[in-house]
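Peer 1: Here you go, sequence then predicted model.
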Amino acid sequence: MSAEISIFDDIRHDDTSREFWSARELQKILGYASWDKFQNAINRAKKSFETSKITKYYNINDHFRQVGKMIRTGKGAERTVVDFELSKYACYLIAQNGDPDKPEIAQAQAYFNIQTFRQEQFQSMSDEEKRLHVRTQVIDNNKTLFDSAKSSGVRNFGKFNDAGYRGLYGMNAKELALKKNLGKDKILDRAGTTELAANLFRITQTNDKLQNELASGKTIGEQKADSIHFMIGGKVRQTIKDIGGTMPENLPPEVHIKEIEKKVSRKLGGGEPGYEKLSESTK
């Protein structure tokens, strides 16, 4: 995985105030032969940006900056074409909205998902708001994952959930709770933003895999679904190793999310949709 990850580092541009990726260069890395098809992925990513809560903090043009790029034609002449200077978060959204059948997309998802949250892309949010935002996403996506698991034949959801933990953390939920001295608290209620981001990636990619299997008409069954969850958790774990991150089981537990919920709710004047009763929601 580390070789693939270095590809995205190689095409990163750095100027005095920011880093960005050229959409034209990213197109090639992600395996799109046609600019029009890649622009469809960009448009889906922009739509995803516009419908998310992040618009409260950022202007879309700061993340998808349209520019002109000079290219050479087949006859040696030059012409200007449309390009985009993409932020890390924009690249993350493009990867999430790309063609799931392309292996390059999976590599990009791994790189930009983990890197985005590790480097705190949501700079205008407080640390508490970032954590609460990602915890909300984890809850919402976990509900979707459990629906997909049920459709796949899973009945023992505790075992299914534990398979993902074993893949990501290298230990089961009980062992992890003991290691982190969590008592009766749920693992993700005490997880920080980085740890939550890793779990979010595990959850979304497992859901995508199950949905792809179901869409192709394959019979999955409980044992295979558990294996898929374990496998994807393991791939996320390997990605964290490859980028030199702290392994999730070694990240210290943080204050209970319920306390953060109260603080942010007071700050926002009574709460914000999607932040209510997080600690009572799905693991």
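Peer 2: Thanks, I have the structure now.

Peer 1: so how far is S148 from the residue lying closest to I60 once chain neighbours are set aside?
Peer 2: Nearest residue to I60, sequence neighbours excluded (CB to CB, 6 or more residues apart in numbering): F49, at 5.5 Å. From N, CA and C alone the C-beta is placed, and that goes for glycine too. As judged by CB to CB, to the nearest Å, F49 and S148 stand 25 Å apart.

Peer 1: what's the answer for L168, then?
Peer 2: With CB to CB as the criterion, L168 and S148 are 18 Å apart.

Peer 1: Let me see the contact set for the residue nearest to I60.
Peer 2: Applying CB atoms under 8 Å, 6 or more residues apart in numbering, we find F49 in contact with 55, 60, 63-64, 90, 93.

Peer 1: Of those, which is the nearest to K75?
Peer 2: Taking CB to CB as the measure, K75 lies nearest F64 of the contacts of F49, at 31.3 Å.

Peer 1: I'd guessed that closest one sits against R44; true?
Peer 2: No: using CB atoms under 8 Å, F64 makes no contact with R44, being 11.8 Å away.

Peer 1: For these two, indicate the residue with more neighbours.
Peer 2: A direct count of neighbours by other CB atoms under 10 Å for F64 and R44 places F64 higher, at 21 against 15.

Peer 1: Tell me which helix or strand comes right after the helix ranked longest in the chain.
Peer 2: Longest helix of the chain, by residue count under DSSP state H: helix 127-151. Per DSSP states H and E, helix 127-151 leads on to helix 157-169 as the next helix or strand towards the C-terminus.

Peer 1: Could you list every helix and strand that that next one packs against?
Peer 2: helix 127-151, helix 173-179, helix 193-215, helix 221-242 (3 or more CB pairs under 8 Å, 6 or more residues apart in numbering; DSSP states H and E).

Peer 1: any idea which of the ones you listed is most buried?
Peer 2: Most buried of those by mean neighbour count (mean count of other CB atoms under 10 Å) is helix 193-215; its value is a mean of 21.

Peer 1: Export only the CA atoms of it, formatted as PDB.
Peer 2: The C-alpha atoms that make up helix 193-215 are tabulated as PDB, following Å, rounded to 0.1, in the frame of the first residue of the first chain:
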ATOM      1  CA  THR A 193     -11.400  12.400  16.000                       C
ATOM      2  CA  THR A 194      -8.600  10.400  14.400                       C
ATOM      3  CA  GLU A 195      -9.800   7.100  15.800                       C
ATOM      4  CA  LEU A 196     -13.400   7.900  14.700                       C
ATOM      5  CA  ALA A 197     -12.200   8.700  11.200                       C
ATOM      6  CA  ALA A 198     -10.500   5.300  10.900                       C
ATOM      7  CA  ASN A 199     -13.700   3.600  12.100                       C
ATOM      8  CA  LEU A 200     -15.800   5.700   9.700                       C
ATOM      9  CA  PHE A 201     -13.600   4.500   6.800                       C
ATOM     10  CA  ARG A 202     -14.000   0.900   8.000                       C
ATOM     11  CA  ILE A 203     -17.800   1.300   8.200                       C
ATOM     12  CA  THR A 204     -18.300   3.000   4.800                       C
ATOM     13  CA  GLN A 205     -16.100   0.600   2.900                       C
ATOM     14  CA  THR A 206     -17.600  -2.500   4.500                       C
ATOM     15  CA  ASN A 207     -21.100  -1.200   3.600                       C
ATOM     16  CA  ASP A 208     -20.000  -0.500   0.000                       C
ATOM     17  CA  LYS A 209     -18.500  -4.000  -0.300                       C
ATOM     18  CA  LEU A 210     -21.700  -5.600   1.000                       C
ATOM     19  CA  GLN A 211     -23.900  -3.500  -1.200                       C
ATOM     20  CA  ASN A 212     -21.800  -4.400  -4.300                       C
ATOM     21  CA  GLU A 213     -22.100  -8.100  -3.500                       C
ATOM     22  CA  LEU A 214     -25.800  -7.800  -3.000                       C
ATOM     23  CA  ALA A 215     -26.300  -5.800  -6.200                       C
END
